[in-house]
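Asks: coords please:
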Amino acid sequence: MGMDGPSGGCPPAAAPAAPSRAKLPLGIVFSTALFCGEGAAAAVLCLSYGHSDDRFWLALTVFFVLCPSVLVQLTLIFVHRDLSRDRPLVLLMHLLQLGPVIRCMEALVVYCWSGKEEEPYVTITRKRRLRKGYEVEMEQEVGHSVRRLATHRNAFKRMAVIQAFLGSTPQLTLQLYISILEKYVPAARAVLMGICLVSVTYGALVCNILAIQVKYDDYKVQLRPLAFLCIVLWRSLEISTRVVVLVLFSTVFKHWIIPIALANLLVVFFLPWVQFWRSGTRLPDNIEKNFSRVGTVVVLCAFTLLYASINVFCWSAVQLKLADRDLIDKSQNWGLLAVYYVARLAENTALIILWYFFKTDVYENICTPLLVVQLLLGYCLGIYFMLLFFQYLHPCRQLFRHNVADFLHCVCCRRRPPGTPLHLQAPHEPGVRHSIV
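Replies: Below is the predicted model:
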């Protein structure tokens, strides 16, 4: 697909193939630090619960640490395909729930040794880069060390998402609930809650990056610092206000919060499967060549559970399409995005208003009307940063057939005939694909 420059003229020539250099795996180090920090903070807090004989809170805290940790170990083993290789030390570290530590050390060793001796390239990758209104073809020679680091990065991105939404978010919700009930926040709990908030914000950021990489697989995508900051503000406001609303509601309606949470989870979980069954297609067979049909279903169910867990607290940035070989709907569906945020804002408003009218004396020292306004404005501000990102800061916004302003103009003025979808078909180059799994 060619693009005309903003002022005419000839587009830049395609860049010749050049050897790609290994980059410092900062994301891997950061993910490992979050994993270890959350585990250490939870261990200290568990000791505190043990001394005070709070066995129920102790059990839940341990569960929200161990359950995602086991899933993280399985994910790293699955991505690196270690079950078919003779690596007893690595598997032992995974059994001890220390897999991310040994993987991080491996990545750092690969990075330190890369470039010290000339190595033959494994393959040549072809990517496009948007530059000053043009598309520039780029070729890079990928060596063994760069390829191994790419495998580590892919594994740790998936680990960050699992840790964030199956571990950090439930843990943050639990500890905030305990703090409100006890009207006291010890230092260990405050540290754990802070780490959990950073972890879930980082996990949501990784979701955005993975979504862009999968949808625009042919393009070299790089976030600018301003775009990075915008996503962090969007995600932190969206998730923190959502967690606070759920916790406040649960302190008053203890028996209603479970059905509401399950309804949110199950609706999003079964929706991709209903769409798949209605399409009448077969299960994708490219998940893992050694998997049986049952194994494929188990992996898809686990992936759908993660997808549903993300959507309970924030927008997942992708839509599952189990009938597609990539499992992802690559169109930019503005209508679905609008429906999600309108529905979530309405739900948050209803929950916080119900809490306001039925609150107990626990909140007598808090200006509750101001708190309600702050939570609703905080969520709306998160939506504003989301719109700002898609309108001005998205790295591939030049490829949008319709942007946010076009969609809002069509909705407000109704100048577009009903039923016309606002879809962006992402470019596709056979033979080069990302897999979200």
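Asks: so which residues of the stretch 151-300 of the chain form helices?
Replies: Here the stretch 151-300 of the chain has its helices, by DSSP state H, counting those that start in this stretch, at 169-182, 187-215, 225-252, 257-279, 293-313.
Asks: tell me the gap between the third one and the middle of its chain.
Replies: Translated: helix 225-252. Centroid displacement of helix 225-252 relative to its chain, using Cα atoms, centre = their mean, to the nearest Å, is 14 Å.
Asks: centroid-nearest residue for the chain?
Replies: Closest residue to the average C-alpha location of the chain: Cys207 at 2.8 Å, with Cα atoms, centre = their mean.
Asks: which residues sit in contact with the closest residue to that one other than its chain neighbours?
Replies: Nearest residue to Cys207, sequence neighbours excluded (Cβ to Cβ, 6 or more residues apart in numbering): Ala317, at 4.8 Å. All C-beta spots, glycine's among them, are computed from the backbone N, C-alpha and C. Counting by Cβ atoms under 8 Å, 6 or more residues apart in numbering, Ala317 touches Cys207, Asn208, Leu210, Ala211.
Asks: out of the helices of the stretch 151-300 of the chain, which comes closest to Trp334?
Replies: Ranking these by proximity to Trp334 (Cβ to Cβ) places helix 187-215 first, at 13.7 Å.
Asks: in the closest one, what's buried?
Replies: Residues of helix 187-215 classed as buried by neighbour count (16 or more other Cβ atoms under 10 Å): 188-189, 191-193, 195-215.
Asks: check stretch 320-327 too.
Replies: Leu320, Lys321, Leu322, Ala323, Asp326, Leu327.
Asks: just send these back as a markdown table, with distance to Tyr356, pLDDT and secondary structure too.
Replies: Formatted as a markdown table, the buried residues of stretch 320-327 follow (distance: Cβ to Cβ, whole Å; pLDDT from 0 to 100; DSSP: H, G, I helix; E, B strand; the rest coil):
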| residue | distance to Tyr356 | pLDDT | secondary structure |
| --- | --- | --- | --- |
| Leu320 | 35 | 84 | strand |
| Lys321 | 40 | 82 | coil |
| Leu322 | 40 | 82 | coil |
| Ala323 | 44 | 76 | coil |
| Asp326 | 44 | 73 | coil |
| Leu327 | 41 | 78 | coil |
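Asks: need the nearest residue in space to Asn348, chain neighbours excluded.
Replies: Nearest non-adjacent residue to Asn348, counting by Cβ to Cβ, 6+ apart: Val245, 4.9 Å away.
Asks: per-residue pLDDT, that neighbour?
Replies: Among the per-residue scores, Val245 holds a pLDDT of 95.
Asks: with the one 4 residues further on instead?
Replies: What the model reports for Phe249 is a pLDDT of 94.
Asks: part of a strand, is Arg128?
Replies: Yes: the assignment for Arg128 by DSSP: H, G, I helix; E, B strand; the rest coil puts it in a strand.
Asks: touching, it and Val136? I think so.
Replies: Yes: the criterion here is Cβ atoms under 8 Å, and Arg128 meets it with Val136 at 6.8 Å.
Asks: more neighbours: those two, which one.
Replies: A count of neighbours by other Cβ atoms under 10 Å puts Arg128 above the other of Arg128 and Val136, at 20 against 16.
Asks: hey, what's that one bridged with?
Replies: Beta bridges link Arg128 to Glu137, Tyr219 when assigned by DSSP bridges.
Asks: and it, what does it touch?
Replies: Glu135, Val136, Glu137, Met138, Asp218, Tyr219, Lys220.
Asks: next one: it from Glu137, what distance?
Replies: Counting by Cβ to Cβ, to the nearest Å, the separation of Arg128 from Glu137 is 6 Å.
Asks: related to what we said a few turns ago, from Trp355, how far out is the residue nearest to Asn348?
Replies: 8 Å.
Asks: could you do Tyr219 as well?
Replies: Remark: distance between Tyr219 and Trp355 (Cβ to Cβ) = 45 Å.
Asks: the two: who's more crowded?
Replies: Trp355 (23 against 20).
Asks: quick check: the more buried one is in a strand.
Replies: No: counting by three-state DSSP, Trp355 is not part of a strand but helix.
Asks: make sure it is actually in contact with Val252.
Replies: Yes: applying Cβ under 8 Å, one finds Trp355 in contact with Val252, separated by 5.4 Å.
Asks: wait, isn't Gly203 in contact with Phe165?
Replies: Yes: using Cβ under 8 Å, Gly203 is in contact with Phe165, at 6.0 Å.
Asks: if I look at Leu229, how far off is Ala204?
Replies: 14 Å.
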